[in-house]
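Participant: Coordinates for the following, if possible.
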Amino acid sequence: MTKKHDAIFDAVLSGIGGEERTPKKDRSAGRFLKRGNAIGDKLSGDVDEKTLHWVDPERCRMWDRHNRNYALLTAENCSDLIEGIQQQGRQEFPAIVRRISGDADAEYEVICGARRHFAISWLRANNYPQYKYLVEVRDISDEEAFRLADIENRDRADISDFERACDYAAAVKLYYGGKQKTMAQRLQVSEAWLSRYLFLAKLPDEIVAAFPSSNDIKELHARTLKPFLAQPKAREVVVDRAIWLASMRAAGATSDGMPWNDTAKVVQELKRAGQGHAPKRKPRASLKHVYSSTDGEVQITRTDKGGQIVLEIDRNAPVGELRKLLENFLLDRSENL
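Facilitator: The predicted model follows:
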């Protein structure tokens with residue numbers, strides 16, 4: 001508000017009510033004009049006001065199409081958010097929700113903001129009952145909700161590739177009639193990019209179970225295994241190997257000192273299993289592989305020469321260590337029979 005505008009406003013009001021008014025600035029008049037300007041901006045569409053609500057998180061439920069697995073959220077993987085809320089004294093960014101009816105236990109459905117919901121709920125359950133869940137209520141369709149959640153979470157590292165892939169696989173059927181091209185256009189991504197995630201969602205359950213957690217599975221891992229899964233014989237071997245890996249991890253077994261709950265090791269083993277039944281390439285003249293003990297002191301060198309395998313073994317090596325290394329060799333050998 002300029003001084004000129006204030007003077008005009010004072011002049012207009014000076015003749016109202018038959019009382020003389022001094023040219024002294026009237027603060028209430030200034031507020032009146034500002035409010036009038038704000039209303040005008042809103043009606044013209046220049047300003048889009050949003051109403052935020054502080055609510056009890058127990059009055060909110062996750063949308064069943066939410067792209068994050070709420071069951072996998074913990075105080076540990078949400079620690080950064082929990083600490084941030086404590087430092088700020090409140091939740092800074094609102095979650096996106098929509099109103100629901102017919103549910104006696106919930107009033108809102110969370111479209112975006114599962115981690116924020118978990119963080120506030122955890123704080124309230126752990127001696128901080130004053131915190132409430134900040135939400136913005138919107139009236140949107142399921143397809144709009146899906147795209148909104150995808151835009152918000154696409155670049156976030158805390159959404160796993162597998163979670164995103166499963167979300168896309170369900171969405172392409174629910175909202176786009178199974179047409180990848182239509183979905184790619186709506187999400188403004190390339191068809192090739194979308195296709196890679198849709199393939200990830202199609203990984204056999206046995207392979208998913210071979211990993212320590214589904215959140216550890218990357219789009220790159222699916223791309224690595226894709227050539228083998230496309231061949232019936234290789235696919236069968238890879239799936240069998242995945243079942244074996246899951247059982248080994250459950251038993252707490254290790255290989256070459258590396259636990260079977262190591263993601264890179266799982267991918268390596270599945271790939272090796274597939275390679276043993278993939279179309280044969282022309283063999284090299286000589287291939288060497290060294291099997292080493294955990295401390296590197298004991299080694300067995302395997303050399304492949306044409307159709308023969310030559311093993312070089314230290315005659316003074318402890319028998320127990322040699323037995324472990326020979327078991328690793330026989331395991332590799334059985335995969336390539």
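Participant: Which parts of this structure are strands?
Facilitator: Per DSSP state E, the chain carries strands over the ranges 52-55, 60-62, 95-99, 108-112, 133-137, 254-255, 258-259, 286-292, 299-305, 308-313.
Participant: ranking those strands by burial, who's on top?
Facilitator: strand 108-112 (a mean of 24; mean count of other Cβ atoms under 10 Å). Placement of C-beta: from N, CA and C, glycine included.
Participant: how close does residue 153 sit to residue 147?
Facilitator: Note on residue 153: its distance to residue 147, by Cβ to Cβ, to the nearest Å, is 11 Å.
Participant: hang on, the earlier thing: so which of the strands of the chain is nearest residue 221?
Facilitator: Residue 221 lies closest to strand 258-259 among the strands of the chain, at 16.8 Å (Cβ to Cβ).
Participant: What average pLDDT does that closest one get?
Facilitator: Over the span of strand 258-259, the pLDDT mean works out to 54.
Participant: swap in stretch 66-73?
Facilitator: Stretch 66-73 comes out at a mean pLDDT of 83.
Participant: and for residue 153 and residue 147, which residues touch both?
Facilitator: Shared contacts of residue 153 and residue 147 (Cβ atoms under 8 Å, 6 or more residues apart in numbering): none.
Participant: For the residue lying closest to residue 55 once chain neighbours are set aside, which residues are in contact?
Facilitator: Distances taken as Cβ to Cβ, 6 or more residues apart in numbering place residue 133 nearest to residue 55, at 5.2 Å, with adjacent residues excluded. Neighbouring residues of residue 133 by Cβ under 8 Å, 6+ apart: 54-57, 60, 91, 95, 116-117, 120-121.
Participant: Just the C-alpha atoms of stretch 112-123, please, in PDB.
Facilitator: Presented in PDB, the C-alpha positions along stretch 112-123 are these (Å, rounded to 0.1, in the frame of the first residue of the first chain):
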ATOM      1  CA  CYS A 112       1.500 -38.400  -0.300                       C
ATOM      2  CA  GLY A 113       3.100 -38.300   3.200                       C
ATOM      3  CA  ALA A 114       3.500 -41.800   4.600                       C
ATOM      4  CA  ARG A 115       6.900 -41.100   6.200                       C
ATOM      5  CA  ARG A 116       5.600 -37.900   7.700                       C
ATOM      6  CA  HIS A 117       2.600 -39.900   9.000                       C
ATOM      7  CA  PHE A 118       4.900 -42.500  10.500                       C
ATOM      8  CA  ALA A 119       7.200 -39.900  12.100                       C
ATOM      9  CA  ILE A 120       4.400 -38.000  13.800                       C
ATOM     10  CA  SER A 121       2.700 -41.200  14.900                       C
ATOM     11  CA  TRP A 122       6.000 -42.400  16.400                       C
ATOM     12  CA  LEU A 123       6.700 -39.200  18.200                       C
END
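Participant: I appreciate the help and will end here.
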